[in-house]
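# output the structure for:
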Amino acid sequence: MANDLLSVEHVRRTFPRGGGEELLVLDDVNLTLKEGEIVGLLGRSGSGKSTLLRLIAGLSRPQGGSLSYLGAPIEGPVQGVSMVFQGFALFPWLTVLENVQLGLEALNLPPRVMRERALAAIDLIGLDGYESAYPRELSGGMRQRVGFARAVVVHPNILLMDEPFSALDVLTAENLRTDLVELWGNGKLPIKGIILVTHNIEEAVLMCDRVLLFSSNPGRVASEIKIDLPQPRDRTTAQFEQYVDQIYVEMTARRVERLRQQQATSTTGTDMPLTHVSPSQISGLVEALSALADGKADLPDIAYDQELEVDELFPVAEAMQLLRLADVEGGDIKLTHMGKRFADGELNERKEIFSRALVNHVPLAAHIKKVLDERASHSAPKTRFLDELEDHMAEDTAEETLKTVVSWARFAELFSYDDDTAAFSLENPT
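Now for the predicted structure:
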């Protein structure tokens, strides 16, 4: 619409793969940003959120669809759009003032005006007195404040934030997040709209007016949740917790459905992608659940207790569901009978349970074991299985899937893998 700061319509983005094929990262993505809004993009790693930010900034071009800024097509780097990155992205040989002034050099302003605006931005973001300091002299939170100052000093209409708090410790992130929301609420930031990429559900509810939930493979907007709460927001209120629960329930339902679809559409099951989760992570969550009544917990509660973000919790929960150690449904996770046995068992019993689960419920593990059993040498090269996987998935996904099965099989003592020779075998290393 004419009053939108940003409009993204039916955007499609691919990247080249080996053999002349393409990897579809974004497909039919639609979103708008209106003046006065903070819009959150929430989803697992690899769902294309950061790729979308680069398209919005004009740093890359889509293969389909369109993007417009203030009604004009985005066809290159956009003046009026700034970005804050996950890393601090500062030049270590420049002072705080010099790093912030860099953002103004492209505007060809007089030196006096550049200095005045840089000093004002530094003061605004809470670093007054640190103008002559170098990045090495600053804490992580201070360095990220310099990043914010450099982004806002150009007075952009749109600020893009790519997980800006994820590299900070919990307390520093909370302090910076609170300050930013306060400046935004008081109208002190020279910005008209913000897009925030995050993996933190509470962060999204705390800061955003709307949250767009991204699905993956390919990335697209699966649903939108409007956060109808006044600022500043209190995490302890029932309304805040309801929004957090709602997002967990929606994300859980979609991920469970995606897992079921992958299992249903797979011809043998061996071509189902797996996210790497270590046996120790699985064991840790099993033990945490076993300490609760009936081995059951709300996902938001267990995430908070274990200090896990959504991108850390969901892959573990999905692995437990795949292995039939837990059921995930409606925002809850509950140990199965086998999960409770695993929690109560000694190490050898846990290995036996894990081994049976791999053979019965992870087709790729069963396939590798069968091939090794049938060969006279009881061994096979990694390429034997990697080539099969790459017929159905991207190269990096195939590597991660095989890495996951290797990790699980080692714990279960189902089969061995020697990284030096890149070969599988039934022999346990001595």
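# can you give me the strands for the stretch 301-430 of the chain?
Residue ranges of the strands in the stretch 301-430 of the chain, as given by DSSP state E, counting those that start in this stretch, are 326-329, 332-335, 379-381, 416-418, 423-425.
# only alpha carbons, please: show the second one as CSV.
Extracted in CSV, the C-alpha atoms of strand 332-335 (Å, rounded to 0.1, in the frame of the first residue of the first chain):
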residue,chain,number,x,y,z
ASP,A,332,4.0,-29.4,25.7
ILE,A,333,6.7,-32.1,25.8
LYS,A,334,6.1,-35.4,27.7
LEU,A,335,8.4,-38.4,28.2
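# that strand pairs with which strands, parallel or anti?
Sheet partners assigned to strand 332-335 using DSSP bridges are listed as strand 296-298 (antiparallel), strand 326-329 (antiparallel).
# can I get these in CSV including distance to residue 316?
C-beta coordinates here come from the backbone N, C-alpha and C atoms, glycine included. Shown next, in CSV, are these (distance: least, C-beta to C-beta, whole Å):
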stretch, distance to residue 316
strand 296-298, 13
strand 326-329, 9
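# wait, which of these is closest to residue 99?
strand 296-298 (42.9 Å; C-beta to C-beta).
# need the strands of the stretch 301-430 of the chain in CSV with mean neighbour count, distance to residue 178 and mean pLDDT, can you?
Converted to CSV, the strands of the stretch 301-430 of the chain look like this (neighbours: other C-beta atoms under 10 Å; distance: least, C-beta to C-beta, whole Å; pLDDT from 0 to 100):
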stretch, mean neighbour count, distance to residue 178, mean pLDDT
strand 326-329, 18, 32, 86
strand 332-335, 21, 30, 88
strand 379-381, 16, 54, 91
strand 416-418, 17, 47, 91
strand 423-425, 20, 51, 91
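# in CSV, list these along with distance to residue 393.
CSV is the format used below for the strands of the stretch 301-430 of the chain (distance: least, C-beta to C-beta, whole Å):
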stretch, distance to residue 393
strand 326-329, 23
strand 332-335, 27
strand 379-381, 19
strand 416-418, 19
strand 423-425, 19
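# identify whichever of those strands lies nearest to residue 60.
Among these, the nearest to residue 60 by C-beta to C-beta is strand 326-329 (35.4 Å).
# I figured residue 327 hits residue 317, correct?
No - assessed by C-beta atoms under 8 Å, residue 327 is found out of contact with residue 317, at 9.7 Å.
# report the set of residues contacting both of these two.
Common neighbours of residue 327 and residue 317, using C-beta atoms under 8 Å, 6 or more residues apart in numbering, are residue 333.
# for the spatially most central residue of the chain, what are its contacts?
When the chain is reduced to its mean C-alpha position, the nearest residue by C-alpha atoms, centre = their mean turns out to be residue 45, at 3.4 Å. The contact partners of residue 45, taken as C-beta under 8 Å, 6+ apart, are 199, 311.
# so what pLDDT did residue 262 get?
Confidence at residue 262, expressed as pLDDT, is 55.
# sorry, that was for residue 2
Reported pLDDT for residue 2: 52.
# the one 4 residues further on now?
Per-residue confidence at residue 6 stands at 91 (pLDDT).
# now do the SS call for residue 14.
Judged by DSSP: H, G, I helix; E, B strand; the rest coil, the three-state class of residue 14 is strand.
# list the contacts for it?
22-25, 63.
# any idea how far residue 51 is from it?
According to C-beta to C-beta, to the nearest Å, residue 14 stands 10 Å off from residue 51.
# what do these two both touch?
Shared contacts of residue 14 and residue 51 (C-beta under 8 Å, 6+ apart): residue 25.
# quick one: average pLDDT of stretch 339-355?
92.
# and what of stretch 204-211?
For stretch 204-211, mean pLDDT is 92.
# if we look at that stretch, which residues are touching it?
Applying C-beta under 8 Å, 6+ apart, the contact partners of stretch 204-211 are 37-40, 42, 177, 180-181, 196, 198, 224-227, 229, 233, 235, 240, 243-244, 247.
# bridging residues for the residue nearest to residue 14 when sequence neighbours are not counted?
Nearest residue to residue 14 in three dimensions, chain neighbours excluded: residue 22, at 4.2 Å (C-beta to C-beta, 6 or more residues apart in numbering). Beta-bridge pairing of residue 22 under DSSP bridges involves residue 16.
# residue 33 too?
Beta bridges link residue 33 to residue 6 when assigned by DSSP bridges.
# touching, it and residue 195? I think so.
Yes - here residue 33 lies in contact with residue 195, judged by C-beta under 8 Å, at a distance of 6.1 Å.
# so for the two, which residue has more residues nearby?
Shown here are residue 33 and residue 195; by other C-beta atoms under 10 Å, residue 195 has more neighbours (27 against 23).
# name the SS class of the more buried one, please.
strand.
# just use 43 as the starting number from now, easier for me
Sure thing, new numbering starts at 43, so read that last one as residue 237.
# tell me the bridge partners for the closest residue to residue 448 other than its chain neighbours.
Using C-beta to C-beta, 6+ apart and skipping residues adjacent in sequence, the residue nearest residue 448 is residue 459, 4.6 Å away. Beta bridges link residue 459 to residue 466 when assigned by DSSP bridges.
# how about stretch 378-397, which residues are buried there?
378, 381-382, 384-385, 392-393, 395-397 (16 or more other C-beta atoms under 10 Å).
# ok, and the closest non-adjacent residue to residue 147?
residue 156 (7.5 Å).
# an error on my part: the question was meant for residue 419.
Using C-beta to C-beta, 6+ apart, the nearest residue to residue 419 is residue 467, at 7.9 Å.
# residue 107 is in what secondary structure piece?
Using DSSP states H and E, residue 107 sits in strand 106-111.
# paired strands for that strand, with orientation please.
Here, using DSSP bridges, strand 106-111 pairs with strand 46-58 (antiparallel), strand 114-115 (antiparallel).
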